[in-house]
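K.L.:
can you look at this prediction? I've put the sequence above it.
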Amino acid sequence: MKKWLVAILFGTVLTLAACGGDDGAEEPADNGDTATEEQNGDSETEGGTVDASAGEEVYAANCAGCHGADLSGGAGPELNQIGSKLSAEEIADIIQEGIGGMPAQKQVTGEDLDSLSNWLAEKQ
């Protein structure tokens, strides 16, 4: 009985860590100010502008639990140089479909998926 309880608690902790948290903070309105985008570390890519802060936020909420807050790895592999190995499209496919021991992250979609995959693709 005791081992079963420990296993359930451990599984719950892992699940909650992988899910991240929502701090309830609202996103600032986009007023089209490109100077603000440049100050936030945004850059141009083939597909347009990458919002680095949005990519970081999606990563922190959905990926950092396994891949580390600093992309150095943990339960999942390190992602510091993932952009030198995979394109943004390939990264998005892995996020959506999963790979190896990584389950599909179906909760990451739309602009969040684009921001995250483009941000990770810049990590070279």
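P.N.:
Arrived safely, thanks for sending.

K.L.:
convert the C-alpha atoms of the host helix or strand of residue 90 to CSV, please.
P.N.:
Using DSSP states H and E, residue 90 sits within helix 88-97. The C-alpha trace of helix 88-97 is given here as CSV (Å, rounded to 0.1, in the frame of the first residue of the first chain):
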residue,chain,number,x,y,z
ALA,A,88,11.5,25.4,-36.5
GLU,A,89,9.1,23.2,-38.5
GLU,A,90,10.8,20.0,-37.2
ILE,A,91,10.8,21.3,-33.7
ALA,A,92,7.1,22.1,-34.0
ASP,A,93,6.4,18.6,-35.2
ILE,A,94,8.2,17.1,-32.2
ILE,A,95,6.3,19.3,-29.8
GLN,A,96,3.0,18.3,-31.3
GLU,A,97,3.7,14.6,-31.9
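
K.L.:
which residues are contacting that helix?
P.N.:
Here helix 88-97 makes contact (Cβ atoms under 8 Å, 6 or more residues apart in numbering) with 45, 47, 82-83, 86, 102, 104-106, 108-109, 113-114, 116-118, 120-121. Backbone N, C-alpha and C define where each C-beta goes, glycine included.

K.L.:
quick one: buried ones out of the residues you listed?
P.N.:
82-83, 86, 102, 105, 108, 113-114, 116-118, 120-121 (16 or more other Cβ atoms under 10 Å).

K.L.:
go through the helix holding residue 90 and flag the buried ones.
P.N.:
Buried residues in helix 88-97, counted by 16+ other Cβ under 10 Å: 88, 91, 92, 94, 95.
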